[in-house]
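Peer 1: need coordinates for the following:
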Amino acid sequence: MSASHSLGRLFQAVRKSDRVLLVAHKKPDGDALGASSAFLNWCLREGKDATMFCADLPSPTFRYLNQIHRYTDDPAVFERPYDLVIVFDSGDLKYAGVDELIPKLPEGYLLVDIDHHRTNKGYGDLNIVEYISSTSEIVYRFFSENDITIDEGMATSLLTGLCSDTSNFSNPLTSDTALHAASELVKHGGRFNDILRYVWHNKSFDSLKLWGTLLSRLHYDKTYDVASTYLRNEDLKNMPDEMAEGMVNFLSGVVREADTILLLKDQGDGWVKGSFRGSERDVSSVAKLMGGGGHKGAAGFTIQGQLLVDENDPPKIERDNMTVYPHLITN
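Peer 2: Now for the predicted structure:
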């Protein structure tokens with residue numbers, strides 16, 4: 001099925017639906033929130049009974065987005081009947097945080113998967129998966145190809161997603177189509193200054209000190225061409241969850257000696273999250289070996305275990321009496 005046909009089929013599905021459930025992935029980033037909130041804006045404008053679920057409520061960083069107050073983390077919404085369920089920016093239902101909730105839904109709904117990750121598992125009845133800059137760019141195309149008027153709130157949401165996944169149009173996900181979409185969204189009233197103010201120019205003194213800590217732990221392994229660092233759970237106390245992603249994006253843009261950047265973050269609950277950024281290396285295939293996924297240049301994973309650190313060695317993970325060296329898997 002062609003992308004245009006899939007977008008047209010989704011349009012017809014929404015038009016025929018009365019009750020719609022929209023799902024953004026857990027620990028939502030700017031793209032998940034941008035794509036889903038733009039779609040929510042449109043559904044509400046169309047008079048749909050639309051519910052917006054996210055296993056983790058959005059950070060106050062994104063308070064400038066229209067309808068951000070409508071996100072709920074109440075699993076009881078999965079006990080209600082829906083005509084249409086749309087999951088945004090998630091390679092699978094586990095990553096979305098709803099793998100145990102979707103089966104609780106009453107039957108009779110169409111499940112739609114809108115995503116841009118190469119490791120997407122095609123779990124929907126309708127899968128709209130394109131390997132482009134962001135899920136927000138896909139939603140922009142959906143609006144454009146179906147002649148849907150993009151208002152200021154929708155434009156700001158989608159522009160947030162584009163800025164988020166391209167690191168403000170500075171990483172390899174930046175493309176001519178992404179730049180064109182951004183230009184059109186600004187024309188439609190997208191509040192780029194709000195995005196800069198709340199997302200990019202929002203560093204507190206505490207967060208800047210944390211950056212210093214992160215940089216002091218940076219380790220370069222010349223053999224594997226990987227620069228790695230780590231964050232303990234207590235490091236991010238009272239810090240927004242997206243702070244770690246911002247850090248790994250920054251490192252990938254300024255560390256020139258290493259092809260690949262790896263950030264390990266102790267979640268504090270017996271799990272460790274890893275974030276890869278790569279230049280030539282396909283880090284999505286590496287993350288997949290660790291049970292994760294993503295894009296060629298940006299990927300991640302979450303693995304059960306404990307973070308182990310030594311100032312003379314790269315950070316590693318202890319799991320089931322074994323030591324896992326994530327940076328070695330890149331070879």
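Peer 1: contacts, neighbours, all on C-alpha from now
Peer 2: OK.
Peer 1: residue contacts, residue 277?
Peer 2: 248, 249, 252, 260, 261, 262, 283, 297, 298, 299 (C-alpha atoms under 8 Å, 6 or more residues apart in numbering).
Peer 1: so which of the residues you listed belong to helices?
Peer 2: Residues from those lying in helices, with DSSP state H as the criterion: 248, 249, 252, 283.
Peer 1: what about the first one, neighbour count?
Peer 2: A count of neighbours around residue 248, defined by other C-alpha atoms under 10 Å, yields 21.
Peer 1: same question for the third one.
Peer 2: Applying other C-alpha under 10 Å, we find 22 residues neighbouring residue 252.
Peer 1: do I have it right that it meets residue 261?
Peer 2: Yes: if you go by C-alpha atoms under 8 Å, residue 252 and residue 261 touch, sitting 6.0 Å apart.
Peer 1: need the strands for the stretch 201-331 of the chain, in chain order.
Peer 2: 219-221, 226-231, 260-266, 271-278, 293-294, 298-304, 306-310, 313-319, 322-324 (DSSP state E, counting those that start in this stretch).
Peer 1: still on that earlier bit, can I get the ones in helices among the contacts of residue 277 in CSV including pLDDT and distance to residue 186?
Peer 2: Below are the ones in helices among the contacts of residue 277 laid out as CSV (pLDDT from 0 to 100; distance: C-alpha to C-alpha, whole Å):
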residue, pLDDT, distance to residue 186
248, 79, 27
249, 75, 24
252, 77, 27
283, 88, 32
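Peer 1: so which of the contacts of residue 277 comes closest to residue 155?
Peer 2: Minimum distance to residue 155 across the contacts of residue 277 is 23.8 Å, recorded for residue 249 (C-alpha to C-alpha).
Peer 1: what sits against the closest one?
Peer 2: 167, 277.
Peer 1: am I right that residue 51 is in a helix?
Peer 2: No: counting by DSSP: H, G, I helix; E, B strand; the rest coil, residue 51 falls outside a helix, being strand.
Peer 1: for it, grab the count of nearby residues.
Peer 2: 19.
Peer 1: what's the spacing between it and residue 203?
Peer 2: 32 Å (C-alpha to C-alpha, to the nearest Å).
Peer 1: equivalent analysis for residue 76, please.
Peer 2: Applying C-alpha to C-alpha, the value for residue 76 to residue 203 is 36 Å.
Peer 1: list the contacts of residue 94.
Peer 2: Counting by C-alpha under 8 Å, 6+ apart, residue 94 touches residue 100.
Peer 1: before we move on, what SS does it have?
Peer 2: Secondary structure, three-state DSSP: residue 94 is helix.
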